[in-house]
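> I'll drop the sequence and a predicted model, then ask my questions.
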Protein chains: 2
Amino acid sequence: MTESTYPQNTSNKVNRYKHQATYDVETIRSIVNSTPVLHVSFVPEPTIPAPIVLPMIGQLGLYPGDESRGEGDWKCYLHGYVSSRLMKLADDAVKRGEEGLPLCIAATKVDGFVLTLTPNSHNYNYRSAVLQGFATIVDDQEEKIWAMQLITNSVVPGRYTNTRIPPDGAEMQSTRILKLKVTGASGKVREGIPEDERKDMKREDVLDAVWTGVIPVYEKLGEPQPGPYNRIANIPEHVTKFVKEENETREKYAFEAAHKPAPVKREKKSEDS
Amino acid sequence: MTESTYPQNTSNKVNRYKHQATYDVETIRSIVNSTPVLHVSFVPEPTIPAPIVLPMIGQLGLYPGDESRGEGDWKCYLHGYVSSRLMKLADDAVKRGEEGLPLCIAATKVDGFVLTLTPNSHNYNYRSAVLQGFATIVDDQEEKIWAMQLITNSVVPGRYTNTRIPPDGAEMQSTRILKLKVTGASGKVREGIPEDERKDMKREDVLDAVWTGVIPVYEKLGEPQPGPYNRIANIPEHVTKFVKEENETREKYAFEAAHKPAPVKREKKSEDS
């Protein structure tokens, strides 16, 4: 049932720098699921075309209960910093018989600053994904616990079972999780060495004067700092292993991206839309 | 003319975790201007309440030409990955006699993963800012160059004058910059040690079993990697200085945030809105 690419439609089709676009499901999942903060936008007043965008924590995943019903499309679960306003809007949309609240979610990772000969050709190495769809509140208690586990483990793998669980009644009641049915998705990836326009590559004076290269950028995890009421003498393995492995992976990605070939030549600006 | 706090209104008022909210202009500016990617949302079809959110590069600043006319409010200038769709929407809004295209812009920095006794009390140390306002396209050539310089130097300070400038006619024509008049803004800052509910702090079994602390998180800049057509033997000072100073500042912030007192107790969930 799972498609390996998202369908392209007018709302998710990438028209600028098409060669950097991707609709590959695995790529989009990996960008979303490795980004610690998602930016979620919604329209608070349906009749006023002014959106709000908020930082939230979320993950794409497939709930086993959905899978057993034959569903193959991963949903995006959102938690944390979920404003009650957002919850109420989702609730109202469902009550009106709609599919859910229209949301757009973006995940972006910066992998490097690409310094070129001219300001205009400066760029970032980056990975970004945008999801569109309809959000509803998760009512099913089993699915809610599953999503809480998914999201907690997205911060540090294995963290959920290393804490005081299960959530008690009050915690279950106060926790609200949104589930986005993804109707469209796209991604963009830029990696590689600097790339300049032909007109500047011909100029000896410019080539002799301007340093070009890439500053690798990655999110670094520092040595875990025990809190004041911590009683565990050694930092547990699920934490140390995560910090070590993530740092290796992230640093490696950013440095490798800095040395890959430049993307194929940009299309003419007039082809943008 | 410059106010030191943004006015609070119904659309920007932070109702959840109020004690973490800020309307301080300096704090909001510093969050926006130190975030390499801003997430910009807009509504592509005024009659359909479905927003789009896109990653873009931007900076808050005050154009000297505006300042000399007595304006004191900083504007947010957006560049890069600006879709032509966005530009057309802004253009259309102005043609209809409106103030500009309604945009919402979010900037978020993750400073740490806060690991507590229960999944529900897990948190991030973070700084986020949200701007709302109306965007128009910058037509004035001087202001456009000023904004290009502002944005290029936001990637690496002093970079602009260390490249082949000024932009030529074709570059000026192909570069499009949006200028947001900020009508509302708010920020949120969470820093500090873990914080758990009283009910868990009383449980010896839980305190004896769960490691609590903070994993500091910060964006790390790696050793600059010269590109294949670079001819400058030594990495220039504007680059090395930036990498060194930024790394020191960012690491210091994340580690210090991990040891600050926890924010004052959360308000009851029922007060959210």
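That came through, no problem. Residues are numbered from 1 along each chain as shown, chains lettered A, B, ... in the order given.

> quick check, pLDDT for A:M56.
The confidence metric pLDDT takes the value 94 at A:M56.

> does it touch A:P36 like I think?
No - using C-beta atoms under 8 Å as the test, A:M56 is too far from A:P36 to be in contact (10.6 Å). (Glycine included, C-beta is placed from N, CA and C.)

> how big is the angle separating the host helix or strand of A:E219 from strand B:213-221?
Using DSSP states H and E, A:E219 falls within strand A:213-221. Angle between the axes of strand A:213-221 and strand B:213-221 is 180 degrees (criterion: axes from the mean of the first three to the mean of the last three C-alpha atoms, to 10 degrees).

> near chain B at all, strand A:213-221?
Yes - interface with chain B: strand A:213-221 contributes A:213-221 (C-beta under 8 Å from any C-beta of the partner chain).

> just among the residues you listed, which is most surrounded?
The most crowded member of the residues of strand A:213-221 next to chain B, judged by other C-beta atoms under 10 Å in any protein chain shown, is A:V214 (29 neighbours).

> just give me the neighbour total for the nearest residue to that one once chain neighbours are set aside.
Computed as C-beta to C-beta, 6 or more residues apart in numbering or on different chains, the closest residue to A:V214 that is not its neighbour in sequence is A:A258, at 3.7 Å. As a burial measure, A:A258 scores 27 neighbours (other C-beta under 10 Å).

> can you pull the pLDDT of A:A258?
With respect to pLDDT, A:A258 has a value of 98.

> what about the strands in the stretch 51-200 of chain A?
Taking DSSP state E, counting those that start in this stretch, the strands of the stretch 51-200 of chain A run over residues A:52-61, A:75-79, A:101-115, A:123-137, A:178-190.

> paired strands for the last one, with orientation please.
Strands that pair with strand A:178-190, judged by DSSP bridges, come out as strand A:21-22 (antiparallel), strand A:75-79 (antiparallel), strand A:123-137 (antiparallel).

> one more: the first one?
Within its sheet, strand A:52-61 is paired with strand A:38-42 (antiparallel), strand A:75-79 (antiparallel), according to DSSP bridges.

> which of the ones you listed sits most buried?
Ranked by mean neighbour count under mean count of other C-beta atoms under 10 Å in any protein chain shown, these are led by strand A:38-42, which reaches a mean of 28.

> next helix or strand past the helix or strand of chain A with the lowest mean pLDDT?
Every helix and strand in chain A was compared by mean pLDDT, DSSP states H and E; the lowest is strand A:21-22, with a mean of 81. The helix or strand immediately downstream of strand A:21-22 is helix A:25-33, counting by DSSP H and E.

> which positions within that next one qualify as buried?
Buried residues in helix A:25-33, counting neighbours by 16 or more other C-beta atoms under 10 Å in any protein chain shown, are found at A:25, A:27-33.

> any regions of the stretch 1-150 of chain A where pLDDT drops low?
Low-confidence segments of the stretch 1-150 of chain A (pLDDT under 70): A:1-3, A:10-19, A:80-83.

> leaving out chain neighbours, which residue sits closest to A:E26?
Nearest to A:E26 is A:S4, by C-beta to C-beta, 6+ apart, at 7.3 Å.

> is it possible to export the strands paired with strand A:178-190 to a markdown table including distance to B:E143?
As requested, those are exported to a markdown table (distance: least, C-beta to C-beta, whole Å):
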| stretch | distance to B:E143 |
| --- | --- |
| strand A:21-22 | 32 |
| strand A:75-79 | 38 |
| strand A:123-137 | 23 |
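
> returning to what we had before: contacting residues for the residue nearest to A:V214?
A:112, A:125, A:192-193, A:213-214, A:216, B:222, B:225 (C-beta atoms under 8 Å, 6 or more residues apart in numbering or on different chains).

> hmm, try it at 7 Å
Neighbouring residues of A:A258 by C-beta atoms under 7 Å, 6 or more residues apart in numbering or on different chains: A:112, A:125, A:214, A:216, B:225.

> do the same with A:D200
So A:D200 contacts A:117-118, A:206, B:164 (C-beta under 7 Å, 6+ apart).

> hmm, back to that, widest-spaced pair of the contacts of A:A258?
Farthest-apart pair in these is A:N125 and B:Q225; separation 10.6 Å (C-beta to C-beta).

> show me which of the two is the more surrounded one.
Remark: of A:N125 and B:Q225, A:N125 carries more neighbours, 25 against 19, as counted by other C-beta under 10 Å.

> on that earlier part again, the strands paired with strand A:52-61: which one's closest to A:R250?
Here strand A:38-42 is closest among the strands paired with strand A:52-61 (C-beta to C-beta), at 18.0 Å.

> which parts of the stretch 51-200 of chain A sit against chain B?
Neighbours of chain B within the stretch 51-200 of chain A, by C-beta under 7 Å from any C-beta of the partner chain: A:51-55, A:83-85, A:102, A:104, A:106, A:108, A:110, A:113, A:115, A:117-120, A:122, A:128, A:130, A:148, A:152, A:155-156, A:159-160, A:162-165, A:167, A:171, A:174-175, A:193-194, A:200.

> buried subset of the residues you listed?
If we count by 16+ other C-beta under 10 Å, these have these buried: A:51-55, A:83-85, A:102, A:104, A:106, A:108, A:110, A:113, A:115, A:117-120, A:122, A:128, A:130, A:148, A:152, A:155-156, A:159-160, A:162-165, A:167, A:171, A:175, A:193-194, A:200.

> so who does the closest residue to A:V43 other than its chain neighbours touch?
Leaving out its chain neighbours, the residue that sits closest to A:V43 by C-beta to C-beta, 6+ apart is B:P49, at 3.9 Å. Neighbouring residues of B:P49 by C-beta under 7 Å, 6+ apart: A:43, A:46, A:102.

> same thing but at 10 Å, please
The contact partners of B:P49, by C-beta atoms under 10 Å, 6 or more residues apart in numbering or on different chains, come to A:42-51, A:89, A:93, A:101-102, B:43.

> and the gap between it and A:D91?
According to C-beta to C-beta, to the nearest Å, B:P49 and A:D91 sit 15 Å apart.
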